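Engineer: fold the following and give me the result.
(2 chains)
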Amino acid sequence: EAGVTQFPSHSVIEKGQTVTLRCDPISGHDNLYWYRRVMGKEIKFLLHFVKESKQDESGMPNNRFLAERTGGTYSTLKVQPAELEDSGVYFCASSQSSWTGKVSQYFGPGTRLTVL
Amino acid sequence: GESVGLHLPTLSVQEGDNSIINCAYSNSASDYFIWYKQESGKGPQFIIDIRSNMDKRQGQRVTVLLNKTVKHLSLQIAATQPGDSAVYFCAEIPNTGFQKLVFGTGTRLLVSP
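Structural biologist: Numbers count the residues shown, from 1 in each chain, chains lettered A, B, ... in the order given. Here you go, the predicted structure:
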């Protein structure tokens, strides 16, 4: 079974430019999450999709970040315009739905974003 | 790797030793906990999980212990191997109705041959 995949693996852009990150979850996983680690900090939650709907976007830092999951399959995270403090590693994770409660989240390899 | 700039506690062990990695979690209302392993250049890899109605769970070479009284979680790795060298994170999901993971800062495990 293929794991969570993310594209690109690295992105280097200049301040003010736009970048779009893509995540393909494990097939059949309704839940998709975005997390990020900025330099010197812990991994922090950004948002959670259930199928195509945003279940929890409490971790989104500001309105320069836009996440979409049209069709409930892959997701994109757009940063526009990018700022220096957005540099870090952006992780995507997915999990199955469960009626019994919380389930394990499986992570992709991450996209390393560098804003110059 | 992603840990550059992150000041991590480090545990150094010899190959074959047992390792114990500790984690203090923050929210007494958390009811689900996961240990992840992260190798350089890779994403966090699921190791083992435990729910708050348990105090111990065993996997292959790993055991997780949960002490809710003192909000403490530990990961025990038996017969540690060089391939176990990585950063280990505990993560919790608070009982808020949402699924977001709250990560600890991590511990770097170094295994010498």
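
Engineer: please make it C-alpha for all contacts and neighbour counts, starting now.
Structural biologist: Fine.

Engineer: quick check: bridge partners of B:Ala86?
Structural biologist: B:Leu109 (DSSP bridges).

Engineer: so who does it touch?
Structural biologist: Shown in contact with B:Ala86 (Cα atoms under 8 Å, 6 or more residues apart in numbering or on different chains): B:37-40, B:108-110.

Engineer: 7 Å instead, please
Structural biologist: B:37-39, B:108-110 (Cα atoms under 7 Å, 6 or more residues apart in numbering or on different chains).

Engineer: reformat those residues as a markdown table; add neighbour count and pLDDT.
Structural biologist: Converted to a markdown table, the contacts of B:Ala86 look like this (neighbours: other Cα atoms under 10 Å in any protein chain shown; pLDDT from 0 to 100):
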| residue | neighbour count | pLDDT |
| --- | --- | --- |
| B:Lys37 | 22 | 96 |
| B:Gln38 | 22 | 94 |
| B:Glu39 | 19 | 94 |
| B:Arg108 | 22 | 94 |
| B:Leu109 | 23 | 96 |
| B:Leu110 | 20 | 95 |
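
Engineer: okay, those in TSV with distance to B:Leu73 next?
Structural biologist: Shown next, in TSV, are the contacts of B:Ala86 (distance: Cα to Cα, whole Å):
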residue	distance to B:Leu73
B:Lys37	15
B:Gln38	18
B:Glu39	21
B:Arg108	16
B:Leu109	16
B:Leu110	20
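
Engineer: quick one, phi/psi of the residue nearest in space to the middle of chain A?
Structural biologist: The structure's chain A has its C-alpha centroid closest to A:Trp34; by Cα atoms, centre = their mean the separation is 2.9 Å. The phi/psi pair for A:Trp34 (degrees, to the nearest 10) reads phi -120, psi 140.

Engineer: and if you look at A:Val115?
Structural biologist: Dihedral angles for A:Val115 - degrees, to the nearest 10 - are phi -110, psi 120.

Engineer: in stretch B:50-60, what's buried?
Structural biologist: Of all the residues in stretch B:50-60, those buried under the rule 16 or more other Cα atoms under 10 Å in any protein chain shown are B:50-51, B:56.

Engineer: meant to ask about stretch A:56-72, not that
Structural biologist: So stretch A:56-72, judged by 16+ other Cα under 10 Å, has buried residues A:56-57, A:60, A:65, A:67-69, A:72.

Engineer: how about the strands of the chain, start to end?
Structural biologist: Chain wasn't specified; assuming chain A. All strands of chain A, identified by DSSP state E, fall at A:5-7, A:10-13, A:19-24, A:31-38, A:44-50, A:53-56, A:65-68, A:75-79, A:88-95, A:106-107, A:111-115.

Engineer: that's the other chain; I wanted chain B
Structural biologist: Going by DSSP E, chain B shows strands at B:10-14, B:19-24, B:30-38, B:45-51, B:56-58, B:62-67, B:72-77, B:86-94, B:102-103, B:107-112.
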